[in-house]
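Peer 1: Sequence and predicted structure below; questions after.
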Amino acid sequence: MNRKLHILAVTLLSAVTTLAQGQEIKTIFNDSQRPTGYGAITNQFTMIKGQYANMVGAYGGVYLNNRFLLGFGGSGVTNNIPVPVEFSTDPTRNLSYMYGQFGLVTEYVFASDKAFHVAFNMFAGPGFTVQYQRYGYKDFNFPDKSYRDENWFLVAEPGVQLEVNLFKWMRFSPGVSYRAAFGSKAAGMSDSDLSNISYNATLKFGRF
């Protein structure tokens, strides 16, 4: 009797082992691919309050399964956006609007191994504006470094890029996005003034 039970147990164990070897367990993340990462520098061309705004930024994070980036980034306006006199906190001075944003960045890449492919991205986080007195690069002694009318709000910016694999470690990604602001209370700077389409040129460096 014991011999029959032993033979039955061995037979069942062999059957289960054979079945398990013939089936591949599906998972969200591929265990055979270790997480990598990359960083990016980007330049955006957009409009804020009806005026041209040039935004320089950077972001980076962990790249999972050759498809999904989870990271952090930020950007800010580099050019002069004059504050109209009727909204200025100090009409005796020529004040400018400063704009910046920082927060969570995600990207999902389709066919990452192809020379040309598409990536969808999303930025979400806080944004801010202040009024400040802008000086030229030759003015080293700034008499006034104070900021006025500090304003915080939420920003969500979905976008899409066409990625070009220049090298295994470098990609060029021109794209377009839409910046949506929520909750701005600045003088003369409403949500609609801050929300607009952005065009960007991005370089990405890392292990893809």
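Peer 2: Received the coordinates, thanks. Numbers count the residues shown, from 1 in each chain.
Peer 1: So what touches stretch 110-126?
Peer 2: Residues external to stretch 110-126 that are found in contact with it (C-beta atoms under 8 Å, 6 or more residues apart in numbering): 66-67, 69, 73-74, 101-109, 152-165, 173, 175, 177, 208. Using the backbone N, CA and C atoms, a C-beta is placed for each residue, glycine as well.
Peer 1: what comes up buried for it?
Peer 2: Of the residues in stretch 110-126, those scored as buried under the neighbour-count criterion (16 or more other C-beta atoms under 10 Å) are His117, Ala119, Asn121, Phe123, Gly125.
Peer 1: Would you mind writing the CA trace of the longest strand along the chain as CSV?
Peer 2: In the chain, taking DSSP state E as the definition, the longest strand is strand 148-167. Taking C-alpha atoms only, strand 148-167 is exported to CSV below (Å, rounded to 0.1, in the frame of the first residue of the first chain):
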residue,chain,number,x,y,z
ARG,A,148,5.8,90.3,-4.8
ASP,A,149,2.3,88.8,-5.2
GLU,A,150,3.5,85.2,-4.7
ASN,A,151,0.9,82.9,-6.2
TRP,A,152,0.7,79.1,-6.1
PHE,A,153,-1.6,76.8,-8.1
LEU,A,154,-1.8,73.3,-9.6
VAL,A,155,-0.6,72.3,-13.1
ALA,A,156,-1.4,69.3,-15.2
GLU,A,157,0.4,69.0,-18.6
PRO,A,158,-0.2,66.0,-20.9
GLY,A,159,1.8,65.7,-24.0
VAL,A,160,3.1,63.5,-26.9
GLN,A,161,6.5,63.3,-28.5
LEU,A,162,8.0,61.7,-31.6
GLU,A,163,11.2,60.1,-30.4
VAL,A,164,14.3,59.5,-32.5
ASN,A,165,17.0,57.1,-31.3
LEU,A,166,20.2,59.0,-32.2
PHE,A,167,22.4,56.6,-30.2
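Peer 1: quick one: the very next helix or strand once past it to strand 148-167, angle?
Peer 2: The element immediately downstream of strand 148-167 (helix or strand, assigned by DSSP states H and E) is strand 170-182. Note on geometry: by axes from the mean of the first three to the mean of the last three C-alpha atoms, to 10 degrees, strand 170-182 and strand 148-167 are set 150 degrees apart in direction.
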